[in-house]
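Colleague: fold the following.
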Amino acid sequence: MIAVAALAVVAASAAYSVPVDLRDSAGSITTAPAPVTASARPQDAAYSAGSEIMTTRLVINDLLAIVEVLQHEGRQLDLDAVDLWTQWRAIVPAPSGVVAGVPGVVGPEEARQMEIFGLHTTARNLSSRLQGLMRKLEKGEADWWKRWKELDAAAKGDGDAAVLRPKIEALKNRLEALSAESNALDDSLRAAQNQYDFVRPLAVEHLLTRRGASLNLRQPWHWNYALSGNPRPDMRYDFNARYEQHYEESLEWLRVRRARR
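Modeller: A predicted model of the protein is given here:
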């Protein structure tokens with residue numbers, strides 16, 4: 001349903017104007033070969049600029065939706081980690097320090113503080129990197145609109161859409177790199193959430209041994225998955241598989257549209 005809706009959005013874009021014929025350009029392949037990537041098509045296959053531009057649009061939609069969720073999780077983990085760090089420093093402003101008589105070995109309280117601060121630093125860094133990834137995707141989306149308008153102009157002006165192939169392929173390669181970055185950040189975010197789950201109970205246990213200690217920690221946002229009975233969804237993106245799926249959807253949509261003319 002999402003893919004169909006996205007195709008409809010694409011079709012309605014640019015003042016309800018789809019490039020007139022989104023012409024296929026099989027004869028141009030030898031003059032503008034596609035960069036070699038894991039998802040490159042066979043060189044003897046017809047190149048459909050219209051299908052490629054629609055496919056990149058759908059991939060952008062996918063990645064924007066995924067990174068929006070990751071960005072929210074990153075912000076929430078940052079808040080959870082800074083809350084734990086702030087309460088630790090309020091109750092333990094000065095750890096006991098090194099173990100007496102053992103050079104280079106810190107005491108358990110100092111070690112615990114280093115763990116909590118490390119978590120805080122990791123969460124802050126992840127949140128910043130996810131914001132950066134969203135900005136890269138937004139720039140990719142702006143680039144997509146440029147390619148779309150160029151393809152539309154080529155079609156309406158009876159031009160050759162094949163000349164845009166290098167630009168479309170460059171956009172495709174950029175999206176592949178951004179999907180890999182999204183997957184890496186998803187892995188790092190899940191690892192940081194697990195790190196939080198390990199560090200928090202140890203920190204709480206230690207703080208409660210302090211005289212007069214009173215804790216009011218916020219409930220970690222990522223615990224909502226377990227509390228609701230729904231496991232955290234897998235948000236890794238298989239770029240090659242999804243690109244091929246969207247490409248077939250785009251080809252079919254264009255075929256049906258041409259048949260109705």
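
Colleague: where does the stretch 51-200 of the chain have low pLDDT?
Modeller: Residues of the stretch 51-200 of the chain meeting the criterion pLDDT under 70: 95-106, 158-160.

Colleague: let's see that with 50 instead.
Modeller: For the stretch 51-200 of the chain, the stretches with pLDDT under 50 are 99-101.

Colleague: list the contacts for Y237?
Modeller: Shown in contact with Y237 (Cβ atoms under 8 Å, 6 or more residues apart in numbering): 62-63, 66, 179, 182-183. Glycine gets a C-beta too; all of them are placed from N, C-alpha and C.

Colleague: show me the helices in the chain, by range?
Modeller: Counting by DSSP state H, one finds helices in the chain at the ranges 2-16, 49-91, 108-156, 165-207, 224-228, 239-259.

Colleague: can you put the ones you listed in JSON lines and add mean neighbour count and distance to S214?
Modeller: Listed next are the helices of the chain as JSON lines, based on neighbours: other Cβ atoms under 10 Å; distance: least, Cβ to Cβ, whole Å:
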{"stretch": "helix 2-16", "mean neighbour count": "13", "distance to S214": "47"}
{"stretch": "helix 49-91", "mean neighbour count": "20", "distance to S214": "9"}
{"stretch": "helix 108-156", "mean neighbour count": "17", "distance to S214": "18"}
{"stretch": "helix 165-207", "mean neighbour count": "17", "distance to S214": "9"}
{"stretch": "helix 224-228", "mean neighbour count": "10", "distance to S214": "24"}
{"stretch": "helix 239-259", "mean neighbour count": "16", "distance to S214": "49"}
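
Colleague: tabulate those (TSV), appending distance to R218.
Modeller: Below are the helices of the chain laid out as TSV (distance: least, Cβ to Cβ, whole Å):
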stretch	distance to R218
helix 2-16	32
helix 49-91	5
helix 108-156	13
helix 165-207	11
helix 224-228	12
helix 239-259	36
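
Colleague: quick check: the closest residue to E115 other than its chain neighbours vs D62, distance?
Modeller: Nearest residue to E115, sequence neighbours excluded (Cβ to Cβ, 6 or more residues apart in numbering): V199, at 5.1 Å. Using Cβ to Cβ, to the nearest Å, V199 is found at 33 Å from D62.

Colleague: could you do L130 as well?
Modeller: L130 sits at a distance of 16 Å from D62 (criterion: Cβ to Cβ).

Colleague: same question for P201.
Modeller: From P201 over to D62 (counting by Cβ to Cβ), the distance is 36 Å.

Colleague: what do you get for D238?
Modeller: 10 Å.

Colleague: do S182 as well
Modeller: Using Cβ to Cβ, one gets 10 Å for the distance from S182 to D62.

Colleague: same question, W148
Modeller: Distance of W148 to D62, given as Cβ to Cβ: 17 Å.

Colleague: now do S127
Modeller: 22 Å.

Colleague: with A81 instead?
Modeller: For A81, the distance to D62 - Cβ to Cβ - is 29 Å.

Colleague: stretch 135-146: how far from the chain's middle?
Modeller: The chain centre lies 14 Å from the centre of stretch 135-146; the measure is Cα atoms, centre = their mean, to the nearest Å.

Colleague: give me the contact list for that stretch.
Modeller: With Cβ under 8 Å, 6+ apart as the criterion, stretch 135-146 contacts 53, 56-57, 60, 63-64, 67, 171, 174-175, 178, 181.
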